[in-house]
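Asker: return a 3D structure for these sequence lines:
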Amino acid sequence: MHLTFQKCINVKASKLVVTAPGHSPNTDGIHVTETQNIHIQNCTIRTGDDCISIVGGSKNVEATDITCGPGHGISIGSLGAGGSFDYVSNVMVNRAILTETTNGLRIKTWQGGSGYAKNITFQNVEMHNVRNPIIINQFYCDKKEPSCSEQASAVEISNIVYKNITGISVSEEAINFKCSKTFPCHEIWLEDVNLARQEDENVKAACDSVKWTNQGNVSPSC
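Answerer: Down below sits the predicted model:
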């Protein structure tokens, strides 16, 4: 971690520049954990891992005018590792540019955990050659020999908004919602989302166990 805010209240972090090689492992730019009422603004982050990671016990988080890339994008989680209870709520990401990142806007949780990720809005985001622009993964597992089959419990994911998200996806699956059958993702809202590939290559959405609504132009769509 380059910069960590842990168990903090009422934080303003602005005009920060974080730089590391794109191949450097686990070099999160700004890590927010167990922190409330934090506003991150006008920051440029180039790393080998998440530009911004927001994890358990965090709420009322705003990130505005963020430039990210290279890196793994902007992430909520991971949450629920080792069967733990985790929560993140009331997050607003507004005005971000992501360039050549592995992921764009990601929510990741472990099977077997509990808790919630809710009331999260991503809006006014530009993607430039991003591999996985929009992704929710309730089967996250970073073990070399994973045992990540679906379990009875999961971190609940609800009330997630994607609004005015545009740009170019490197992969065919520009939207990937991989949610639990026992705890489906619900209240997922997409409004004016337009993700394409270069040279008009095929682009699609993969949507498993998700209850979603769209408005305006949404492409690709579940």
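
Asker: just checking, residue 57 touches residue 34?
Answerer: Yes - at 3.5 Å, residue 57 and residue 34 qualify as touching, with contact defined as C-beta atoms under 8 Å. C-betas here are computed from N, CA, C, even on glycine.

Asker: neighbour count winner among these two?
Answerer: Using other C-beta atoms under 10 Å as the criterion, residue 57 and residue 34 rank with residue 57 on top: 17 against 14.

Asker: joint contacts of residue 57 and residue 34?
Answerer: Residues touching both residue 57 and residue 34 (C-beta atoms under 8 Å, 6 or more residues apart in numbering): residue 7.

Asker: in the protein, where's the longest strand?
Answerer: Across the chain, the longest stretch assigned as strand under DSSP state E is strand 114-130.

Asker: what's the offset of that strand from the middle of its chain?
Answerer: Relative to its chain's centre, strand 114-130 lies at 5 Å (C-alpha atoms, centre = their mean, to the nearest Å).

Asker: and what of stretch 56-63?
Answerer: Put simply, stretch 56-63 sits 13 Å off its chain's centre (C-alpha atoms, centre = their mean).

Asker: low-confidence stretches in the protein?
Answerer: Scanning the chain with the threshold set as pLDDT under 70 gives 143-149.

Asker: the same query, at a cut-off of 80, please.
Answerer: For the chain, applying pLDDT under 80 flags the ranges 142-150.

Asker: got the angle between whichever helix or strand comes after the longest strand of the chain and strand 114-130?
Answerer: Using DSSP states H and E, the next helix or strand after strand 114-130 towards the C-terminus is strand 132-137. Strand 132-137 and strand 114-130 are oriented at 160 degrees to each other (axes from the mean of the first three to the mean of the last three C-alpha atoms, to 10 degrees).

Asker: begin at 8 from now on, thanks
Answerer: Sure thing, new numbering starts at 8, so read that last one as strand 139-144.

Asker: please name every helix or strand in contact with strand 139-144.
Answerer: On a contact count with 3 or more C-beta pairs under 8 Å, 6 or more residues apart in numbering; DSSP states H and E, strand 139-144 meets strand 110-116, strand 163-176, strand 180-185, strand 192-203.

Asker: got a list of contacts for the first one?
Answerer: Here strand 110-116 makes contact (C-beta under 8 Å, 6+ apart) with 79-87, 93, 100, 105, 124, 127, 129, 132, 134, 137-145, 147, 161-162, 164, 167, 169, 172.

Asker: need the buried ones from those residues selected in PyMOL.
Answerer: Of these, the buried ones can be selected in PyMOL as follows, counting by 16 or more other C-beta atoms under 10 Å:
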select buried, resi 79+80+81+82+83+84+85+86+87+93+100+105+124+127+129+132+134+137+138+139+140+141+142+143+144+145+147+161+162+164+167+169+172
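
Asker: out of the helices and strands packed on strand 139-144, which is the most enclosed?
Answerer: Mean neighbour count (mean count of other C-beta atoms under 10 Å) peaks for strand 110-116 among the helices and strands packed on strand 139-144, with a mean of 26.

Asker: could you dump that strand to CSV, C-alpha only?
Answerer: This file holds the C-alpha atoms of strand 110-116, laid out as CSV (Å, rounded to 0.1, in the frame of the first residue of the first chain):
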residue,chain,number,x,y,z
ASN,A,110,-10.3,-3.7,-14.3
GLY,A,111,-12.4,-0.6,-14.4
LEU,A,112,-15.1,-0.5,-11.6
ARG,A,113,-15.0,-3.6,-9.6
ILE,A,114,-16.8,-5.1,-6.6
LYS,A,115,-15.2,-8.3,-5.2
THR,A,116,-16.3,-10.6,-2.4
